[in-house]
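Build me a model:
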Amino acid sequence: MSKLINEKMPILKIKNSILAWVFVLSFGFFAAPGIANGAEISPYRITLDKATIAKGYTVAYPDGSLKLSLVPGILSEDTPVEIEELDEAFSYPWELEKISPVMQFEFKNKAAYDNHKPFYIQFNYEKEDAGMKQVFFYDKTAGAWRSLPTWDNPEENFVRSLIHLPYARIAVFTNSEILTSGRASWYSYKKGLFAASPDFPSGSRLRVHALGSEKFVDVTVNDFGPDRKAHPDRVVDLTKEAFAKIAPLSDGTVGIYVEPLVITGGLKNKLAEYGRGAPTSPNLAFRAAIVMNEDTGEILHSQNASSTFPLASLTKIVAIKVFLEAHPDLSETVAYSVKDAEYNYLYCKPWESGKLALEDGETLTVKDLVYSSLVGSTNNTVETLVRVSGLTREEFIKRMNELVKSYGAISTRFIEPTGLAPENVSSAGDYAIIAGEILDDPVIKDASVTQVYKFTTINKNKPHSIKNTNFLVREGKYEFTGSKTGYLNEALYCLMSRVKAENGDNLIVVTMGAKTRDESFRKTEDLIKYGLLAVEKSEASKNLAYGG
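The predicted model follows:
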């Protein structure tokens, strides 16, 4: 029999247990089952000789959590192999959750390894998880975690992955936003082997395995769904034909897990990014940004947060707050004047200004004006509110400046009430403070997060339906407690979002100077997710500290 040498190391301590070594050679196997609870088994080392190398083998960490499956020809000489569990501080990918220990393996004789020949690792993860799982290795040179091709077995809580490194620090991460394990239903309005997925883009190819059986079906994604709000554990929906290949139609739903075969579109690009190095914080595209926990005052992320820039229609919440400080009757009827919009045209062409389509003398309520200004970011309605506020326009603007200074926003300045003037400036840090103060007003809070506001003018009986200018509010993925968009050529796209975390804290995210509207929303959403994760981790640390 080929010789395998177990080199006992000083820190290998087995408490109250018998260690049985099992050798299965010929596509070889080396394993160490049966370590008692409390055993300290890191690091572990074994030396492989040429005879063993020639037959192939699997080297297993004693608790079975990690196995290296090596085929003949990968190693050319005797080499010690060492595996250990690391207890070091790393910066981890911010979008992902680590669900395994960080393990390190090393072929001590690196010259013996042919790195053109990858080998399999099998890696257990610590808990059941429905998300898409990948093995990552730590690239010390780049200071980043990079993903490896990975196959998941959620029924037995392990993944397999290919690697071609003689030394690596590795861990299993999960992406909870991409569901790969749960249930599937079926639909009959399309024929063929297809699926609807909310995670995998159209054109992606998936192998759908039925849990607890050997049955599977290969499908192409050609539709969007199911609705995760209604069915949080629903991974995909299958066509009737596809479903029938893995379960009786009468079952209605079936437990499944999905093995991605081909991934297309944006998700493909995201996974490619993970292969190059998963970011430990969001990749931003703003002039300035800040993420602040309003309840604790903690700054969770910032970028040029003290620099001043034009803030565009983010101006409007300050104007509305000054108007509401006089406690007006929101049901009062107001007559619109076309002269109100002339103030807007001091800063833009008439066709460039976002406005509510009203005729001269058309009547509506104060509430209609307030909600139109905040939900639809209409400029003419703000000037109408200034006119009926009881203040001169100059006094109104002066009050706006005095108000923000009273909040401590010393870098903020207004010369008009709508945001059309590029001379209206603030910093991301200042505006986070302003938002935290002003959004305590229940009218502003409610109006700013209303998805659609509908009303009919009083004397003309003309209906209006105004959609919120913040797409993220309309999308409904987060619990928004405040919002305002802004755009000028000089300001680019600006966005303020206040979102409630699970522990009840309010998270304020301010972004300024995105180049496109889509970039403004999507990169802001990244910061929202980043901030919510930070609050969640902080809350978990508190609970752990207090034994919760």
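
Residue 530 reaches residue 93, doesn't it?
No - the pair formed by residue 530 and residue 93 falls short of the contact definition of CB atoms under 8 Å, at 11.2 Å. Every C-beta, even on glycine, is put in place using the N, C-alpha and C of the backbone.

what's the spacing between the residue lying closest to residue 92 once chain neighbours are set aside and residue 126?
Computed as CB to CB, 6 or more residues apart in numbering, the closest residue to residue 92 that is not its neighbour in sequence is residue 98, at 5.6 Å. According to CB to CB, to the nearest Å, residue 98 and residue 126 sit 9 Å apart.

between those two, who's got more neighbours?
residue 98 (17 against 12; other CB atoms under 10 Å).

confidence score at that one?
Per-residue pLDDT puts residue 98 at 94.

Would you mind listing where this protein has pLDDT under the threshold?
1-42, 540-548 (pLDDT under 70).

Look up how far residue 463 lies from the residue nearest to residue 92.
53 Å.

buried set for stretch 169-177?
Using 16 or more other CB atoms under 10 Å as the test for burial, stretch 169-177 gives 169, 170, 171, 172, 173, 174, 175.

Give me the contacts around the helix or strand hosting residue 473.
Secondary structure from DSSP states H and E places residue 473 in helix 471-475. Contacts to helix 471-475, defined as CB atoms under 8 Å, 6 or more residues apart in numbering, come from residues 449, 451-452, 467-468, 478, 480, 483, 497, 517, 521, 524-525, 528.

who's in contact with the residue nearest to residue 92?
Residue 98 neighbours (CB under 8 Å, 6+ apart): 92, 171, 172, 173.

Farthest-apart pair in those, please.
92 and 172 (11.7 Å; CB to CB).

on that earlier part again, pick the one among the contacts of residue 98 closest to residue 310.
residue 92 (36.5 Å).

Tell me where the stretch 151-300 of the chain has helices.
240-244, 265-277 (DSSP state H, counting those that start in this stretch).

Report the residue ranges of every domain in this protein.
4-176, 180-277, 288-545 (automatic domain parsing).

Next, the distance between the ends of the second one.
Between the opening and closing residues of domain 180-277 we find a distance of 22 Å, counting by CA to CA, to the nearest Å.

What of stretch 248-262?
27 Å.

Return the set of buried residues in it.
253, 254, 255, 256, 257, 258, 260.

for the closest residue to the third one other than its chain neighbours, phi and psi?
Pointing back at residue 255 there. Nearest residue to residue 255 in three dimensions, chain neighbours excluded: residue 211, at 3.7 Å (CB to CB, 6+ apart). Main-chain dihedrals, residue 211, degrees, to the nearest 10: phi -60, psi 140.

OK, contacts around residue 211?
Per CB under 8 Å, 6+ apart, neighbours of residue 211: 155, 254, 255, 256, 257.

can I assume the third one is in contact with residue 209?
No - here residue 255 lies out of contact with residue 209, judged by CB under 8 Å, at a distance of 9.5 Å.

For the longest strand seen in the chain, name the packing helices and strands.
Longest strand in the chain by number of residues (criterion: DSSP state E): strand 167-179. In terms of contacts (3 or more CB pairs under 8 Å, 6 or more residues apart in numbering; DSSP states H and E), strand 167-179 is packed against strand 97-98, strand 102-107, strand 119-124, strand 131-139.

Mind giving me the packing neighbours of the last one?
The one in question is strand 131-139. Judged by 3+ CB pairs under 8 Å, 6+ apart, strand 131-139 is in contact with strand 144-147, strand 150-153, strand 158-163, strand 167-179, helix 265-277.

C-alpha coordinates for the third one, CSV please?
Listed next in CSV are the C-alpha coordinates belonging to strand 158-163 (Å, rounded to 0.1, in the frame of the first residue of the first chain):
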residue,chain,number,x,y,z
PHE,A,158,-21.9,21.7,0.3
VAL,A,159,-20.5,23.2,-2.9
ARG,A,160,-17.9,22.0,-5.3
SER,A,161,-15.5,24.3,-7.1
LEU,A,162,-12.6,24.2,-9.5
ILE,A,163,-9.3,25.8,-8.6
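
How far does it sit from its chain's centre?
Using CA atoms, centre = their mean, to the nearest Å, the mean C-alpha position of strand 158-163 is found 25 Å from that of the whole chain.

Likewise for stretch 517-525?
Distance, centroid of stretch 517-525 to centroid of chain: 12 Å (CA atoms, centre = their mean).

could we number from 496 for the rest of this?
I'll keep to 496 as the first residue from here, and by that count the last item is stretch 1012-1020.

what sits up against that stretch?
In contact with stretch 1012-1020 (CB under 8 Å, 6+ apart) are residues 777-781, 965-967, 972, 980, 982, 988-990, 992, 1004, 1006, 1009.

Can you say which of the helices and strands packed on strand 626-634 is nearest to residue 687?
helix 760-772 (20.4 Å).

contacts for that closest one?
588, 629, 631, 634, 637, 639-642, 673, 694-699, 758, 774.

mind redoing it with 7 Å?
With CB atoms under 7 Å, 6 or more residues apart in numbering as the test, helix 760-772 has contacts from 629, 634, 637, 639, 640, 641, 642, 695, 696, 758.

of all the residues you listed, which comes closest to residue 954?
Using CB to CB, those come closest to residue 954 at residue 696, 50.2 Å.

residues near that closest one, how many?
So residue 696, with other CB under 10 Å, has 14 neighbours.

Just give the nearest non-adjacent residue to it, would you?
residue 760 (3.3 Å).

now swap in residue 958 and tell me
residue 951 (4.9 Å).

wait, doesn't the one you found sit right on residue 860?
No - in this structure residue 951 lies outside contact range of residue 860 using CB atoms under 7 Å: 10.3 Å.

Compare the two and say which is more crowded by neighbours.
It is residue 860, of residue 951 and residue 860, that has more neighbours when counted by other CB under 10 Å, with 17 against 11.

SS state for the closest residue in space to the more buried one that isn't next to it in sequence?
Distances taken as CB to CB, 6+ apart put residue 826 closest to residue 860, at 5.6 Å, once the chain neighbours are dropped. Put simply, residue 826 is coil when judged by DSSP: H, G, I helix; E, B strand; the rest coil.

Residue 1029 too?
helix.

Can you name the residues that contact it?
residue 795.

phi, psi of residue 675?
According to degrees, to the nearest 10, residue 675 has phi -120, psi -10.

What count of nearby residues applies to it?
By other CB under 10 Å, 23 other residues sit near residue 675.

OK, contacts around it?
Contacts of residue 675 by CB under 7 Å, 6+ apart are 625, 626, 627, 647, 730, 752, 753.

switch to 6 Å and redo it
By CB atoms under 6 Å, 6 or more residues apart in numbering, the contact set of residue 675 is 627, 752, 753.

Now render the residues you listed as a markdown table, adding distance to residue 905.
Formatted as a markdown table, the contacts of residue 675 follow (distance: CB to CB, whole Å):
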| residue | distance to residue 905 |
| --- | --- |
| 627 | 46 |
| 752 | 55 |
| 753 | 53 |
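
between those residues, which is nearest residue 742?
Within the contacts of residue 675, distances to residue 742 taken as CB to CB reach their minimum at residue 752, with 13.5 Å.
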